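Q: Below are the sequence and a predicted model; questions follow.
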Amino acid sequence: MLSVAIALEPTTESAPAVVQIVARSCEQAIGEGRCRAASELKQASVVAWYALIRVPEPEASEVSIEFHDRSETGALIETRSLSFSERDSELSRWASAGAVIAAFVAARDEGSEAVALEKRQEPPPPSIDKPAPKSPGPAWNLDLALLSGPGLDSGPFRLGGLVRGYVSLPQAPGVLGLVSLRYAERPGDLAISWWSASCGMGARLGGGKSSPVSAELTGELAFERMAMSAQDATTAEQDEASQNRFGGRLSVNLAVDVTSHLALVAGGEATAMRPSVSIAIGDDAVGREPAVGFGFSGGVRFGAGR
C-alpha cells in the first residue's frame, strides 16, 4: 500500500532527482512501493500522507518537512525541521530527509504491523590518510684525529692528521662506507711528506643507544703520494723526488661516547703500499720506506644517528 507522496518546493531542475533520493531512502526503511514522488502519481491515486519538503535556498543548512493529510492541500498534521553541518554531503542530507519521512509514516500507521525502522548511520567522515612517518636518514660520523707512526725503517716518526667520514644506512646500521684523507710529515735533514686518499667499507659493533662504546673494523683501497727533499752536502743543491703508491689499509678503531653527538676515538692501522721506496742522497743510503707499515691515531668523532 502506498503510504506517502513526496514533493519538493520550490521546484527546480534538480528537484526530481532529489525527490527520488528521498523516496529511495524512505522505502529502504518502510518497504518498497510505499514512498513515491508526487509528480509520478495518477490523479486517482490515494495516499495516507503527503510530505512537502521546503528548501529556503539551494545551499540552506536547514530544511523543513510538512506532513499533510492525503494531499498537498490537506490538513497540516506536523512539521519537522532538519539541520545539517557543512561536512554533510548533499546525498547524506536527502537520505536523512527520507529517513525522517519514513519514521513519521511508521509512527502514524495505526493497525498495521510494526515496521522496524532501520537505524541509519551517517556516513563516516572521509578518512584522511596520515602522512607516513619519515624514515630515518643515513647515520654519519666524522673523525678528526692526529696520526703518527714510523717515518722510514729507522729514524724519527712521522706526525700528521686525518679526516675520516663514515656513513651507514638504517637498513644495515652495522655496515659502514667510509672515505678518508691523511697527511703526515717526518722532520729532519731529509724532509718527507705523505698524503693519501682512501675509501672502503667496514663493520661496527656497539654504539648508539645500546652502548656508549663502539668498535670498527674497516678495509680501504688507498692512493698515496710520497714527496722527499734533502740538501746534498757535497754540492749544496736541494734534491727533490716523489713517488706514487697504491695499496690497501686495515684499521681498528675504538670510540667512547661523550654526548649523543660527540665521542673520543683512537685506533691503529696497518698499510700495505707498493712499491717500497729506498732513499739515497748521492751515494749514501739514508733510509727505506717499506711496503708494509703501521700507524696510530687519536681524536674526536662527531656524528648523527649513531
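A: That came in fine, so what should we check first? Numbering: from 1, shown residues only.

Q: so for stretch 84-102, what's the average pLDDT?
A: Averaged across stretch 84-102, pLDDT comes to 88.

Q: Buried residues of that stretch, list them for me.
A: Neighbour counts over stretch 84-102 (16 or more other Cβ atoms under 10 Å) mark 84, 88, 92-102 as buried. (Each C-beta comes from the backbone N, C-alpha and C, glycine too.)

Q: again with stretch 66-81
A: 66, 67, 68.

Q: neighbouring strands for the helix or strand containing the second one, and are they parallel or not?
A: This means residue 67. Element membership for residue 67 (DSSP states H and E) is strand 62-69. If you go by DSSP bridges, strand 62-69 pairs up with strand 49-54 (antiparallel), strand 76-83 (antiparallel).

Q: Can you add distance to residue 239 and give these back as CSV?
A: Below are the strands paired with strand 62-69 laid out as CSV (distance: least, Cβ to Cβ, whole Å):
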stretch, distance to residue 239
strand 49-54, 107
strand 76-83, 100
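
Q: Minimum distance to residue 20: which of the ones you listed has it?
A: Residue 20 sits nearest to strand 49-54 of all the strands paired with strand 62-69, at 12.6 Å, using Cβ to Cβ.

Q: elements contacting the longest strand along the chain?
A: In the chain, assigned by DSSP state E, the strand with the most residues is strand 238-259. Using 3 or more Cβ pairs under 8 Å, 6 or more residues apart in numbering; DSSP states H and E, the elements in contact with strand 238-259 are strand 191-206, strand 213-231, strand 262-274, strand 277-281.

Q: Can you give the strand pairings for the third one, parallel or anti for each?
A: Read that as strand 262-274. strand 238-259 (antiparallel), strand 292-304 (antiparallel).

Q: show me what contacts residue 69?
A: Residue 69 sits next to 49, 50, 75, 77 when contact means Cβ atoms under 8 Å, 6 or more residues apart in numbering.

Q: swap the cut-off to 7 Å and go again
A: The neighbourhood of residue 69, defined by Cβ atoms under 7 Å, 6 or more residues apart in numbering, consists of 75, 77.

Q: Use 41 as the first number for this chain going forward.
A: New numbering, starting at 41: the last item is residue 109.

Q: I'd like the distance between it and residue 240.
A: 93 Å (Cβ to Cβ, to the nearest Å).

Q: just to revisit the earlier point, between the buried residues of stretch 124-142, which is closest to residue 52?
A: Using Cβ to Cβ, those come closest to residue 52 at residue 134, 13.2 Å.

Q: Fine, thanks again, bye for now.
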